[in-house]
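Visitor: with the input below, show me the fold.
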Amino acid sequence: MQFIEREIRYYTENIWDSILGLKATQTDAPYETTGKDNSLAGCVHIMGVWEGTVALQCPTSLARKAASIMFNAKLDETGLEQILDALGELTNMMGGNIKSNLPEPCYLSLPAVAVTNYTLRIPGTELVTKVNFECDGEYFAVALLKRTIKGNPNPTPVKPQSP
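Guide: Predicted coordinates for the structure are as follows:
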């Protein structure tokens, strides 16, 4: 079992059930972007004693379903802004719960969400844990990445000032 895989599964299942009323279950089938329709990737960065990123990647159709539930809107009337906000909030909830299992003190960034047909890449990190889920016949993934480079990898040299 991967680092805090059990916790990621627990938090994901509970958030999707309690917030959305949807059943998300862990699966061995990997979530992969299709290249045909847009996928969404949300992430929050963890800073402090432990540094890394929590990422949630899913198809737009599943994020639209989540947004329609969160905003109590009809599925076909749910707009891109609501979809992005909903995925950002789900990512933020996941990040906050996962952060509580890491050494303290740690702080969470604001969530960021991107529309993409590609795999999300966070430079300067390595994959620690990835858990795949199925919900209503669609797949999504939650990943925990650990920062491998501390500080600014390309610092700007500071010239000493003459007295």
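
Visitor: strands along this protein, start to end?
Guide: Applying DSSP state E to the chain gives strands spanning 24-27, 39-48, 52-59, 106-108, 112-116, 125-135, 138-147.

Visitor: what lines up beside the shortest one in the sheet?
Guide: Put plainly, it is strand 106-108. strand 39-48 (antiparallel) (DSSP bridges).

Visitor: looking at the chain, which helix or strand does the model trust least?
Guide: Here the helix or strand of the chain ranked lowest by mean pLDDT, DSSP states H and E is strand 112-116, holding a mean of 87.

Visitor: stretch 31-38: end-to-end distance?
Guide: 13 Å (C-alpha to C-alpha, to the nearest Å).

Visitor: so for that stretch, what's the average pLDDT?
Guide: What stretch 31-38 shows for mean pLDDT is 72.

Visitor: circling back to that earlier point, check the strands of the chain for me and report the most buried one.
Guide: Among the strands of the chain, the stretch with the highest mean neighbour count (mean count of other C-beta atoms under 10 Å) is strand 52-59, at a mean of 25. Bear in mind the C-beta positions are built from the backbone N, C-alpha and C, glycine included.

Visitor: helices or strands next to that strand in the packing?
Guide: strand 39-48, helix 80-99, strand 125-135, strand 138-147 (3 or more C-beta pairs under 8 Å, 6 or more residues apart in numbering; DSSP states H and E).
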